[in-house]
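# The following comprises the amino acid sequence and a computationally predicted model.
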Amino acid sequence: MKTQVGIIGGGPSGLLLSQLLHLQGIDTVVLERRSRDYVLGRIRAGVLEHGFADLMREAQCGERMDAEGEIHDGIFIAHDGIKERVDFKNLVGDSVVVYGQTELTRDLYEARDRMDGHVLHSVEDVKPHDMTTDAPYLTYREGDEVKRIDCDYIIGADGFHGVSRKSIPKENIREFERVYPFGWLGVLSETMPVSPELIYAKHERGFALCSMRSQVLSRYYIQVSLEDTVEDWPDDRFWQELKNRLPEDVAESLITGPSIEKSIAPLRSFVAEPMRYGNMFLAGDAAHIVPPTGARGLNSAASDIYYLYHAMLDHYKKGDDTGLDTYSQKALARVWKGQRFSWWMTMLLHRFPENSDFDNQLQQTELEYLFSSDKALASLAENYVGLPF
Ligand code: FAS
Ligand code: PHB
C-alpha cells in the first residue's frame, strides 16, 4: 500500500490530523493498535481550548461539540474554606469548551468513516522504517501477515507508550522529565455536577477537582498516594474524602452516586526534543506529557496538529517545506509554555509531603498573591483558555 502521510495512533492527535489532511485531498492511513471500542472506553480530557475547538470545526467535526459542549467563562479555586472565581471573560475575553475527549474522539472516528478514511484498528507490531530517507515506510502485522505501507511522511501520534519516539536512536533525542510524588484518583458518576464551573481545590489533605462531562455526568478527582490502588477507594470513602477537601457549602450540595468509572493516573511532566527525526514527526502525547492540573494535555496536542497540518499543506500545495523544517522548533515553543503552566498549577494546588514549612508558606503566598492581582489572574486565564498557536 502507498500513502502520502502514514499516521501511527488513532487517538485525537492522529485522527484530527488525518481528517484535516483528507479534506485537503492529502491521503493518510491511520494505524491503531487497539480496537475502536477500547479507544473510546478511555476516560481522559474534559476541557478544550478555543484553538482545539476551532480545529474540530475546521475538520467538519464540531457540530456535536457545539451542540452538546458547555461554554465555561471561568473556573473556581477553593482554598481555606472558600472558593474564588477566575473570570476568563472579564480577564482575557475568552472561554473554554467542556466536552469529553471520548466524545471528541467518537466524532473524529465518525467523520473518518463518513469519508471512507483509512483507519486500521487492532493492528500489531507497527514499526516505522527508513525515517531518514526519502522513502520511509511502516510495517504492521494483521494476524500472521506482515504488511507494508510506503509513505512520504510518518506521524508518530501514538502517545507516551507508543513505538515512534522509541524508534529514534538515543543520540538523536533528548528527554526532559519530572515525576510527581502522587497520582489522581478519578471517578465518573451519573450525577449532576456540584458546580456550574470547575472547582480546583487546594486542601491540607490534598488536591481535589470537581469537573463534568454534561449536566448529568460528573467527573471528580482527588490527589492520592502512588501506593494507592482503586481497590483502596470504595465509593463511600472516595465521596467522603472529596467532601473533606471542599468548602463546607460545596460539600453539603455534592450529589453522590455509584462510580461508573474509577482509575488512578500518575502525574508527570515530559518533553522529547526534537519532535522530528528525518521524515517522521512526533505529535501529542508521543512527544510531551503534562500533569492534568492545567487541562493542557489534549490541548498541547492541538497546536502540534495545527502546525503539522499547515506544514503538510504548504509542502503538497506549494512545494514549500519551511513549515516542516520549522515544525519542531515552533511546536516546542508552545509545548514548553504548556509545561510551565501545568507545572505551576500543580505546584500551587497539591500537597507535597516532603515540603518544608518554608515551601508550604511560599505555596500559600503564591495563592494569596494570585487573588490579590488582576494581572496574575489574567496570566492564569490566558494560559488556561489557550495561548495563541
Ligand atoms: P493518545 O495516547 O490519546 O493516543 C495514542 C493512540 O496511539 C492510542 O489510541 C494508542 O492505542 C495508540 N498506540 C500506542 N502505541 C501504538 C502502536 N505501537 N501502534 C499503533 N497504535 C499505537 N488531558 C487533559 O487535558 N485533561 C485530562 O484530564 C487528562 N486526563 C488524562 C488521564 C490519563 C489516564 C491519560 C493517560 C491522559 C490524560 N490526559 C488528559 C492527556 C490526554 O488527554 C492526552 O493529552 C491525549 O490523549 C493526547 O492524545 P494523543 O496524542 O492522540 O495520544
Ligand atoms: C476533566 O474533566 O477530566 C479535567 C478537567 C480539567 C483538568 C483535568 C481534568 O484540569
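Looks like it came in fine. Source: prediction; values computed, not measured. Ligands and ions are numbered 1, 2, ... in the order given.

# Report whether stretch 257-271 contacts ligand 2.
No - Stretch 257-271 is not in contact with ligand 2 by Cβ under 6 Å from any ligand atom; minimum separation 9.8 Å. Using the backbone N, CA and C atoms, a C-beta is placed for each residue, glycine as well.

# for stretch 377-389, that is, sorry about that
No - Stretch 377-389 lies apart from ligand 2 when judged by Cβ under 6 Å from any ligand atom; the minimum separation is 8.7 Å.

# roughly how far is that stretch from the heart of the chain?
With Cα atoms, centre = their mean, to the nearest Å as the basis, stretch 377-389 stands 16 Å off its chain's centre.

# and if you look at stretch 123-141?
Distance, centroid of stretch 123-141 to centroid of chain: 26 Å (Cα atoms, centre = their mean).

# and that stretch, which residues are buried?
For stretch 123-141, a neighbour-count test (16 or more other Cβ atoms under 10 Å) marks 123, 126, 128-129, 131, 136-138, 140 as buried.

# what does it contact?
Residues from elsewhere that reach stretch 123-141 (Cβ atoms under 8 Å, 6 or more residues apart in numbering): 6, 8, 29, 31-33, 120, 142, 146-154, 156, 158, 163-164, 167-168, 277-280.

# From these, which land in helices?
Judged by DSSP state H, helices contain none of the contacts of stretch 123-141.

# how about the helices in the stretch 251-389 of the chain?
297-318, 322-349, 357-370, 374-385 (DSSP state H, counting those that start in this stretch).

# for the residue of the stretch 101-250 of the chain found nearest ligand 1, what are its contacts?
Residue nearest to ligand 1 within the stretch 101-250 of the chain: G159 (2.6 Å; Cβ to the nearest ligand atom). The neighbourhood of G159, defined by Cβ under 8 Å, 6+ apart, consists of 9, 11, 284-286.

# per-residue confidence averaged over the helix or strand T139 falls within?
Per DSSP states H and E: T139 is located in strand 137-142. The average pLDDT within strand 137-142 is 96.

# what does the stretch 1-150 of the chain put close to ligand 2?
Counting by Cβ under 6 Å from any ligand atom, the stretch 1-150 of the chain sits next to ligand 2 at 45-47.

# hang on, the earlier thing: deepest in the core, which of the helices of the stretch 251-389 of the chain is it.
Of these, the one with the most neighbours on average (mean count of other Cβ atoms under 10 Å) is helix 297-318, at a mean of 22.

# Dump it to CSV, keeping only the CA atoms.
Extracted C-alpha coordinates of helix 297-318, given in CSV (Å, rounded to 0.1, in the frame of the first residue of the first chain):
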residue,chain,number,x,y,z
GLY,A,297,-2.7,17.6,27.9
LEU,A,298,-5.0,17.2,24.9
ASN,A,299,-4.8,21.0,24.2
SER,A,300,-1.0,20.8,23.8
ALA,A,301,-1.6,18.3,21.0
ALA,A,302,-3.8,20.8,19.2
SER,A,303,-1.0,23.2,18.3
ASP,A,304,1.2,20.3,17.1
ILE,A,305,-1.6,19.2,14.8
TYR,A,306,-2.2,22.8,13.6
TYR,A,307,1.4,23.3,12.7
LEU,A,308,1.7,19.9,11.0
TYR,A,309,-1.5,20.4,9.1
HIS,A,310,-0.3,23.7,7.6
ALA,A,311,3.2,22.4,7.0
MET,A,312,1.8,19.5,5.0
LEU,A,313,-0.5,21.8,3.1
ASP,A,314,2.5,24.1,2.2
HIS,A,315,4.5,21.1,1.1
TYR,A,316,1.9,19.4,-1.1
LYS,A,317,0.2,22.5,-2.5
LYS,A,318,3.1,25.0,-2.8
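
# Check whether that helix comes near ligand 1.
Yes - contact of helix 297-318 with ligand 1 (Cβ under 6 Å from any ligand atom) involves 297-299, 301.

# Relative to ligand 1, which of these is nearest.
Once Cβ to the nearest ligand atom is applied, the member of those that ends up nearest ligand 1 is G297, at 2.5 Å.

# what residues are up against that closest one?
Contacts of G297 by Cβ under 8 Å, 6+ apart are 44-45, 285, 289-290.

# Now the stretch 1-150 of the chain against ligand 2: closest residue?
G46 (2.4 Å).

# ugh, wrong one, the stretch 101-250 of the chain
Of all residues in the stretch 101-250 of the chain, S211 sits closest to ligand 2, at 3.2 Å by Cβ to the nearest ligand atom.

# So that residue, which state does it fall into?
Put simply, S211 is strand when judged by DSSP: H, G, I helix; E, B strand; the rest coil.

# In this structure it contacts R44, no?
No - under the criterion of Cβ atoms under 8 Å, S211 makes no contact with R44, lying 11.8 Å away.

# which residues of the stretch 151-300 of the chain fall in strands?
153-156, 174-189, 199-201, 208-214, 217-224, 259-273, 276-277, 280-282, 288-289 (DSSP state E, counting those that start in this stretch).

# wait, which of those strands is closest to L313?
Each of the strands of the stretch 151-300 of the chain has some distance to L313 by Cβ to Cβ; the shortest is strand 153-156, at 12.6 Å.
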